[in-house]
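Enquirer: Using only what follows, build the 3D model:
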Amino acid sequence: MVWLSKREVITYLFISEAYGENAVINIGEAADTLSIVMPRRVVYKIMRRLWKKGFLERISQFEYRIRPMKDAFIEYLLKYIALRIEKHLRSCGEIADIDIDERHKRIIIKFSNQPKKLNTFLRAKAPKFIEIHYSSS
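Expert: Got it, this is the predicted structure:
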């Protein structure tokens, strides 16, 4: 998973400040707004990347809705955290299914058996956005 680039952050901040969150903008308007910092072609590419990363919603080929910053970052970070948990569990030899519940903004870890190497983590207090389940086998 690739983090946001400086250009992506600048683009998101410029358009969200200029038009407001939840506003529907035309890609040409965004290019005009950002013309002071980057060329049009770069704006089009960055807008497409922001859409793929979940910071914009595509309405049509040339129109996007600016998602609220908090919601977009939470979903983006949940995906990253779930990926990190999955990689770490795999490196520890543990088998688990990891799901992201975007509606309730949480990560659900389903172990097929009691994990052996993660006793310290399981005894520690888990963050509210992580839910752990065990199968009864």
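Enquirer: low pLDDT regions in the protein?
Expert: 119-122, 136-137 (pLDDT under 70).
Enquirer: can you rerun that using 90?
Expert: 1-3, 75, 85-86, 88-106, 108-137 (pLDDT under 90).
Enquirer: Contacts only, for the residue positioned nearest the centre of it.
Expert: The residue lying closest to the centre of the chain (CA atoms, centre = their mean) is residue 76, at 1.0 Å. Shown here is residue 76, whose contacts under the criterion CB atoms under 8 Å, 6 or more residues apart in numbering are 4, 53, 54, 55. Heads up, the C-betas are built off the backbone N, CA and C, glycines and all.
Enquirer: For these, which single residue is the most surrounded?
Expert: residue 55 (26 neighbours; other CB atoms under 10 Å).
Enquirer: And the nearest residue to it once chain neighbours are set aside, how far from residue 44?
Expert: Nearest non-adjacent residue to residue 55, counting by CB to CB, 6 or more residues apart in numbering: residue 72, 4.5 Å away. Distance of residue 72 to residue 44, given as CB to CB, to the nearest Å: 20 Å.
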